[in-house]
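Asker: predicted model follows, preceded by the sequence.
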Amino acid sequence: MLGIIISRHIGYIKNRLTDENEIDSLLNKIPLEMNPHFPELIIAGQHNMLCPAYDTGKEIKSTLFMLTEKRYGVDVVIRNNLSYGIGLAHLFAAIDWIRLGRMPWSDILNDAKKDDYTPQNF
């Protein structure tokens, strides 16, 4: 299972956070523990994200999933206007990792856009 949280806005309706450094500070306060329900990716607005990472001894490397056999943590980063694109790449990498084989993405998208679209098996 892959868990992704995507949030366009951070905070409450009348009290939204827009400063990427303030959002970064909040993401760094998330308690990290080995938990099967911890999401593999959090997109917090257009600039901030959090994803699993591990320490190689020389650098921190992002990974798709929490790794139980390595010293893991999270990588909290600010990338101006890139968090949604990075999140999409993360999702594509996860789909590729589970090895679905060749997927007819054009057919899938075009079928879903039809006015008379009905999901299979319904």
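Answerer: Good, I have the coordinates.
Asker: for this protein, what are the low-confidence residue spans?
Answerer: 12-13, 32-36, 66-71, 109-110, 112-122 (pLDDT under 70).
Asker: for the residue nearest to the spatial centre of the chain, give its distance to Asp107.
Answerer: The residue lying closest to the centre of the chain (CA atoms, centre = their mean) is Leu41, at 2.9 Å. Distance, Leu41 to Asp107, using CB to CB, to the nearest Å: 27 Å. Bear in mind the C-beta positions are built from the backbone N, C-alpha and C, glycine included.
Asker: how about Asn80, nearest residue that isn't a chain neighbour?
Answerer: Counting by CB to CB, 6 or more residues apart in numbering, the nearest residue to Asn80 once its immediate chain neighbours are dropped is His47, at 5.5 Å.
Asker: for the one you found, what are its contacts?
Answerer: 20, 23, 78-83 (CB atoms under 8 Å, 6 or more residues apart in numbering).
Asker: Pro39 too?
Answerer: 3-5 are the contacts of Pro39 under CB under 8 Å, 6+ apart.
Asker: make a markdown table from these and add distance to Lys29, neighbour count and secondary structure to it.
Answerer: Converted to a markdown table, these look like this (distance: CB to CB, whole Å; neighbours: other CB atoms under 10 Å; DSSP: H, G, I helix; E, B strand; the rest coil):
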| residue | distance to Lys29 | neighbour count | secondary structure |
| --- | --- | --- | --- |
| Gly3 | 19 | 12 | coil |
| Ile4 | 20 | 14 | strand |
| Ile5 | 16 | 12 | strand |
